[in-house]
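[1] Here is a sequence together with a model predicted from it:
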Amino acid sequence: MDQTFPLRRREIVEEGPPVKTLKERWPALFTERQVFAEFNRIATTNLQNNFFDAMDRYTPRFVTIFKSKKGTVGETLAEFVQQIDLRLSLLQVSCMTICHGGSKTMARAP
């Protein structure tokens, strides 16, 4: 795909073909791996890492917004927030267990 990038770019920019045509001509562009690779070729940045970094940064704010919603949307989001809270609690317990277990192991070492 690196070798055909200039050809694809010219074709897309100059001709502006419909997505259906692009999918028929360049099917690999529609796989997750190639979307990330193509983004990296165009923007010289790692889309997946940037996305997850942004999710880490903005999730607390999203949760605050979700908790403030009312009505049917609020109920749906409340279920979602409960799942997030449960996973966070499980993660915290796992980390504490690992850290506590790690300290016991370290204490036993000669």
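    Received the coordinates, thanks.

[2] Tell me which helix or strand the residue nearest the centre of the chain sits in.
    Closest to where the C-alpha atoms of the chain average out (CA atoms, centre = their mean) is Phe52, at 4.5 Å. If you go by DSSP states H and E, Phe52 is part of helix 47-68.

[3] Next, the buried residues of the helix or strand following that helix.
    Later in the chain than helix 47-68, the nearest helix or strand by DSSP H and E is helix 71-108. For helix 71-108, burial by neighbour count (16 or more other CB atoms under 10 Å) applies to Leu77, Val81. (Each C-beta comes from the backbone N, C-alpha and C, glycine too.)

[4] Arg87 and Val93, how far apart?
    Taking CB to CB, to the nearest Å as the measure, Arg87 falls 11 Å from Val93.

[5] I meant Asn40, not that one.
    37 Å.

[6] what's the neighbour count on Leu22?
    Using other CB atoms under 10 Å, Leu22 has 17 neighbouring residues.

[7] my read: it touches Leu29, true?
    Yes: counting by CB atoms under 8 Å, Leu22 touches Leu29, with 6.7 Å between them.

[8] so how many other residues sit close to Lys67?
    11.

[9] Now do the contacts for the closest residue to it other than its chain neighbours.
    Excluding the flanking residues, the one nearest Lys67 by CB to CB, 6 or more residues apart in numbering is Val81, at 5.9 Å. Contacts for Val81 (CB atoms under 8 Å, 6 or more residues apart in numbering) come out as Val63, Phe66, Lys67.

[10] Val35 now?
    Counting by CB under 8 Å, 6+ apart, Val35 makes contact with Leu29, Leu47.

[11] What's the separation between it and Leu29?
    Counting by CB to CB - Val35 and Leu29 are separated by 7 Å.
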